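> okay, here's the prediction I keep looking at, along with the sequence it came from:
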Protein chains: 2
Amino acid sequence: MAEPRISSIDGKLAEEFAVPSHVEEVKEKMATFASFHAEAGRKVVLITSGGTKVPLESRTVRFLDNFSSGRRGASSAEYFIDSGYAVIFLHRHRSLYPYTRMFLTINMLDALEFQGGDGGAPGNAGEVVVNQQVLPNIAQVLKRYHEVKEGRLLLPIEFNTLSEYLHLLKAAAQALSTIGTKAMFYLAAAVSDFYIPASEMPEHKIQSSNGPLQLSMKMVPKILSPLVKDWAPHAFVTSFKLETDATILLDKARRALETYRHQAVVANVLDSRRGYVVVVTPESQAELILTEEDVKNEVEIEARIVSNLTSAHKKFITQQVVL
Amino acid sequence: MAEPRISSIDGKLAEEFAVPSHVEEVKEKMATFASFHAEAGRKVVLITSGGTKVPLESRTVRFLDNFSSGRRGASSAEYFIDSGYAVIFLHRHRSLYPYTRMFLTINMLDALEFQGGDGGAPGNAGEVVVNQQVLPNIAQVLKRYHEVKEGRLLLPIEFNTLSEYLHLLKAAAQALSTIGTKAMFYLAAAVSDFYIPASEMPEHKIQSSNGPLQLSMKMVPKILSPLVKDWAPHAFVTSFKLETDATILLDKARRALETYRHQAVVANVLDSRRGYVVVVTPESQAELILTEEDVKNEVEIEARIVSNLTSAHKKFITQQVVL
């Protein structure tokens, strides 16, 4: 019974979602990255991050989007690297990025100044320096960024639309299938549940003079199903559930695990997502909470999530070997 | 006949679009800014920039958005300041920003380095400097940014949602009405034509398990009408028309001028918008085109648009005085 369903998703992907022209090239790049690091004894995590864009017109002026700054994905990437992983960072164009995310809340020009002010040392005339009162962690972050770059520990891949996301995720799953249980999927992107098939999309900008807008959107195929069963059957897969209604959250997380038979769901509520999540697995349910003390010490909840999941991944690998 | 229509837009604004809590405070700030600069002999332009977000749920996970990086608004702001204007920059949160826009295409950490590399001068240990090979214009831009800041020539105001945009634009129009013909409106933001009234919006995230999504969106009231007639009747008002279909563009621009009786429409087509626009006024139609030579010299089309409109504004002021 499962086969026809899987192949129907494959078919749907090919028919209704435009294939990005660079997908094969990216797949190759990801496969090389994965085997390079697996041979060096590293695990590899694919992180998806940011929201997907769903165009309403084929020459797109309007689109449906999902709330997501990409903060969770970007900070998690740093913690995975700190835990010894290599990271493929499949993220929405211009969403938050590891290390650079510290610049989000400031205007960069407010953090720069001419060296020595007006009376700068003549030897350094025209040098523009970072004001470390404005960006107190910059030296430390820059040093870490250079180390990560030298170690080639981070492979960034961008998407914009839902179509790009779906095809690139499939390519990633296939690329990572070669390293088996050493691969983790950390699907933090906010993916649209609805879309308009290419065949039903108007070419030009929808005219407001035609009156109110009636939109009829189809449901996006659940890609988690072929990913777990077919494309990367040996990997450790973590999905995310974001709800605004806390009362239905855990039930939905459990149902997702039963349906897709993957390893973990990180469940969170929109309003409290930065201080509270529940990591749900088939056997367990772990509440991760930031205390006021943690917040004061600038502890991020992603440090806890990543720590929880890397332990689970380690155990998962051992069990698979024993079996 | 006109009165009831205007007041109905005012009523609709109050009823169906949530009023931002800080609107009165912002209006006060804009009024102070405008009269300060008008007294100093400057003209004041209100630039709107970026796309508007239209929530589909009241605790918003999903929203409709408009394609717009905010590039046109951000670069135009710089040219208006160069032409002696003071600028109120009403822009979408995180859209492109004057002067800072140069950082868009790079990862800032790739533009920073430790002073003197590994063998840096001991006196400057730990200094982080900008690599001016990566950002060749940084010193010049930073200098200009400081001048603009000292002269208080730029007042940034942010919006996210369509509701915030509409209420803040109304507040801006009322704030600028005190300086009469010295005010220009440069409405470059990509504003949604459609919305879901607060009363018809579900509170929680729409569940995909309920099947395909049917959205019924109402038309956004044409705010240009009360702006021109009622809120800022003496100002010079420029609106923008973006289409993907070039064949209907000029006709739509002319019709807008006839309907709203404002001073200018900047008409452009999505694919060619960075190299070609038409400035349409009741009496004239000026094609502004960047040649290959211009592009090579990094001339931006916004320099031409602003030059065209500041001339028209000057003439407009003189004519009003004569009348």
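Received, thanks.

> and for residue A:112, the neighbour number?
Neighbourhood size, residue A:112 [other C-beta atoms under 10 Å in any protein chain shown]: 24. (Glycine included, C-beta is placed from N, CA and C.)

> tell me who's in contact with it.
Neighbour list for residue A:112: A:128, A:129, A:130, A:131, B:130, B:138, B:142 [criterion: C-beta atoms under 8 Å, 6 or more residues apart in numbering or on different chains].

> which of those residues fall within helices?
Counting by DSSP state H, the contacts of residue A:112 place B:138, B:142 in helices.

> and the contacts of residue A:112 as CSV, adding neighbour count and pLDDT?
Compiled in CSV, the contacts of residue A:112 are given as follows (neighbours: other C-beta atoms under 10 Å in any protein chain shown; pLDDT from 0 to 100):
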residue, neighbour count, pLDDT
A:128, 22, 95
A:129, 20, 95
A:130, 20, 95
A:131, 13, 94
B:130, 20, 95
B:138, 20, 94
B:142, 19, 96
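
> need the contacts of residue A:112 in JSON lines (columns: distance to residue A:174).
Output for the contacts of residue A:112, formatted as JSON lines (distance: C-beta to C-beta, whole Å):
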{"residue": "A:128", "distance to residue A:174": "45"}
{"residue": "A:129", "distance to residue A:174": "46"}
{"residue": "A:130", "distance to residue A:174": "42"}
{"residue": "A:131", "distance to residue A:174": "46"}
{"residue": "B:130", "distance to residue A:174": "41"}
{"residue": "B:138", "distance to residue A:174": "42"}
{"residue": "B:142", "distance to residue A:174": "46"}
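
> and the two most separated of the contacts of residue A:112?
Spanning the widest gap among these are A:131 and B:138, at 14.0 Å by C-beta to C-beta.

> going along the chain, name the strands of the stretch 1-150 of chain A.
A:44-49, A:54-55, A:62-66, A:86-92, A:112-114, A:128-130 (DSSP state E, counting those that start in this stretch).

> please see if the fourth one touches chain B.
If I follow you right, that is strand A:86-92. No: using C-beta under 8 Å from any C-beta of the partner chain, we find that strand A:86-92 stays clear of chain B, coming within 12.2 Å at best.

> one more: stretch A:197-212?
Yes: residues of stretch A:197-212 contacting chain B under C-beta under 8 Å from any C-beta: A:203, A:204, A:205, A:206, A:208, A:211, A:212.

> quick check on those: which are buried?
Neighbour counting by 16 or more other C-beta atoms under 10 Å in any protein chain shown classes residue A:205 among the residues of stretch A:197-212 next to chain B as buried.

> can you list the residues of stretch A:197-212 next to chain B in JSON lines and add pLDDT, secondary structure and distance to residue B:34?
As requested, the residues of stretch A:197-212 next to chain B are exported to JSON lines (pLDDT from 0 to 100; DSSP: H, G, I helix; E, B strand; the rest coil; distance: C-beta to C-beta, whole Å):
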{"residue": "A:203", "pLDDT": "73", "secondary structure": "coil", "distance to residue B:34": "43"}
{"residue": "A:204", "pLDDT": "73", "secondary structure": "coil", "distance to residue B:34": "39"}
{"residue": "A:205", "pLDDT": "72", "secondary structure": "coil", "distance to residue B:34": "34"}
{"residue": "A:206", "pLDDT": "73", "secondary structure": "coil", "distance to residue B:34": "36"}
{"residue": "A:208", "pLDDT": "71", "secondary structure": "helix", "distance to residue B:34": "31"}
{"residue": "A:211", "pLDDT": "77", "secondary structure": "coil", "distance to residue B:34": "38"}
{"residue": "A:212", "pLDDT": "82", "secondary structure": "coil", "distance to residue B:34": "37"}
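
> quick one: which of the residues of stretch A:197-212 next to chain B is nearest to chain B?
residue A:208 (3.5 Å; C-beta to the nearest C-beta).

> got the contact list for the closest one?
Taking C-beta under 8 Å, 6+ apart, one finds B:193, B:194, B:219, B:220 in contact with residue A:208.

> just residue A:228 next, same as before
Neighbours of residue A:228 in contact, by C-beta under 8 Å, 6+ apart: A:237, A:260, A:261, A:262.

> so which of the residues you listed are also by chain B?
Within the contacts of residue A:228, nothing lies near chain B by C-beta under 8 Å from any C-beta.

> what sits against residue A:201?
By C-beta under 8 Å, 6+ apart, residue A:201 lies in contact with A:55, A:56, A:57, A:58.

> same thing but 7 Å
A:55, A:57, A:58 (C-beta atoms under 7 Å, 6 or more residues apart in numbering or on different chains).

> just the pLDDT for it.
pLDDT for residue A:201: 77.

> what distance do you get for it to residue A:63?
Distance from residue A:201 to residue A:63, counting by C-beta to C-beta, to the nearest Å: 11 Å.

> hmm, residue A:75 is touching residue A:302, no?
Yes: contact status for residue A:75 versus residue A:302: in contact at 4.3 Å, counting by C-beta atoms under 7 Å.

> ok so, going back, in TSV, list the strands of the stretch 1-150 of chain A along with distance to residue B:102.
Formatted as TSV, the strands of the stretch 1-150 of chain A follow (distance: least, C-beta to C-beta, whole Å):
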stretch	distance to residue B:102
strand A:44-49	25
strand A:54-55	29
strand A:62-66	26
strand A:86-92	22
strand A:112-114	12
strand A:128-130	13
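
> any low-confidence regions in the stretch 151-300 of chain A?
For the stretch 151-300 of chain A, no stretch is flagged by pLDDT under 70.

> got the contact list for the nearest residue to residue A:235 once chain neighbours are set aside?
Nearest residue to residue A:235 in three dimensions, chain neighbours excluded: residue A:183, at 4.1 Å (C-beta to C-beta, 6 or more residues apart in numbering or on different chains). Residues in contact with residue A:183 (C-beta under 7 Å, 6+ apart) are A:34, A:44, A:176, A:232, A:235.

> for beta bridges, what are the partners of residue A:183?
residue A:44 (DSSP bridges).

> output the longest helix belonging to chain A.
Chain A, longest helix under DSSP H: helix A:301-322.

> in the stretch 51-200 of chain A, which residue sits closest to chain B?
For the stretch 51-200 of chain A, C-beta to the nearest C-beta, closest residue to chain B: residue A:193, 3.5 Å.

> distance of the nearest residue to that residue once chain neighbours are set aside relative to residue A:283?
The shortest distance from residue A:193 to any non-neighbouring residue, by C-beta to C-beta, 6+ apart, is to residue B:208 (3.5 Å). For residue B:208, the distance to residue A:283 (C-beta to C-beta) stands at 27 Å.

> just to revisit the earlier point, state the mean pLDDT of the longest helix of chain A.
Mean predicted lDDT for helix A:301-322 stands at 92.

> quick check: buried residues in that helix?
Neighbour counts over helix A:301-322 (16+ other C-beta under 10 Å) mark A:301-306, A:308-310, A:312-313, A:316-317 as buried.

> just the contacts of residue A:228 now: which is nearest chain B?
residue A:260 (14.3 Å).

> the residue nearest to the closest one when sequence neighbours are not counted and residue A:9: what is the separation?
Leaving out its chain neighbours, the residue that sits closest to residue A:260 by C-beta to C-beta, 6+ apart is residue A:224, at 4.7 Å. Using C-beta to C-beta, residue A:224 is found at 10 Å from residue A:9.

> picking that back up, tabulate the contacts of residue A:228 (a markdown table), appending neighbour count.
Formatted as a markdown table, the contacts of residue A:228 follow (neighbours: other C-beta atoms under 10 Å in any protein chain shown):
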| residue | neighbour count |
| --- | --- |
| A:237 | 22 |
| A:260 | 19 |
| A:261 | 13 |
| A:262 | 22 |
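
> how about the residues you listed, which pair is most distant?
A:237 and A:261 (9.2 Å).

> look up how far chain B lies from the nearest residue to residue A:285 once chain neighbours are set aside.
Sequence neighbours aside, residue A:278 is the residue nearest to residue A:285 in space, at 6.1 Å (criterion: C-beta to C-beta, 6+ apart). To chain B, residue A:278 is 17 Å away according to C-beta to the nearest C-beta, to the nearest Å.
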